[in-house]
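In: Return atomic coordinates for the entry below.
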Amino acid sequence: GGAAAPAAAAAGPAGAGAMKIKYKGRGHRDSAPEDRYEGRGGVFEQIAQDTSFPGGPAQSIEGWIVIATGIHEEAQEDDILDKFAEYGDVKNLHVNLDRRTGFVKGYALVEFESREEAAAAIKEMDGTELLGKRLHVGWAFVKDG
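Out: Below you'll find the predicted structure:
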């Protein structure tokens, strides 16, 4: 007799059949993924891209970003800014530093307002020297293709 009691309790109330499992948290509903959001959730804005040159440079949100590698570890932001400002208005400059040493990691991201300014900077700066080190300059973002 005692062994039958736990089995009956697990089955639930008389006539209920299989026990219904309760889930906690999100993501357990039977809805399809496309029904998950109401409104514009999961829909993102995109920048209109010029697709006439697949594999060419891609514009960022605010401008055209150029990456310069081979930057001397003791270079200052002003050294880099002065060198690139000759080709147009530099909107933004990111020079990442090594946390341990405090020196430049060896690359910088330079943002220009126009594609023409960025292209001129790449053409003229690639292969030049800054503080005795040869720079490699190119587009930071390139379209698929």
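
In: Now do the strands in the chain.
Out: Counting by DSSP state E, the chain has strands at residues 64-69, 90-97, 104-112, 129-130, 133-134, 136-139.

In: From the contact count, pick out the helices and strands touching the fifth one.
Out: Think strand 133-134. In this structure, strand 133-134 makes packing contacts with no helix or strand, judged by 3 or more CB pairs under 8 Å, 6 or more residues apart in numbering; DSSP states H and E. Quick note: C-beta positions are derived from backbone N, CA and C, even for glycine.

In: what pLDDT does the nearest residue to E73 once chain neighbours are set aside get?
Out: Spatial nearest neighbour of E73, chain neighbours left out: F103 (3.9 Å); criterion: CB to CB, 6 or more residues apart in numbering. For F103, the pLDDT comes out at 93.

In: burial measure for F103, as a count.
Out: The number of residues packed near F103 is 12, by other CB atoms under 10 Å.

In: what's the distance between it and L131?
Out: 12 Å (CB to CB, to the nearest Å).

In: Spell out which residues are contacts of both of those two.
Out: E74 (CB atoms under 8 Å, 6 or more residues apart in numbering).

In: Give me the helices and strands touching the longest helix belonging to the chain, please.
Out: Here the longest helix in the chain is taken by residue count, with DSSP state H as the criterion, and it is helix 115-125. For helix 115-125, the helices and strands in contact under the criterion 3+ CB pairs under 8 Å, 6+ apart are strand 64-69, helix 77-84, strand 104-112, strand 136-139.

In: make it 10 Å
Out: Using 3 or more CB pairs under 10 Å, 6 or more residues apart in numbering; DSSP states H and E as the contact test, the elements touching helix 115-125 are strand 64-69, helix 77-84, strand 90-97, strand 104-112, strand 136-139.
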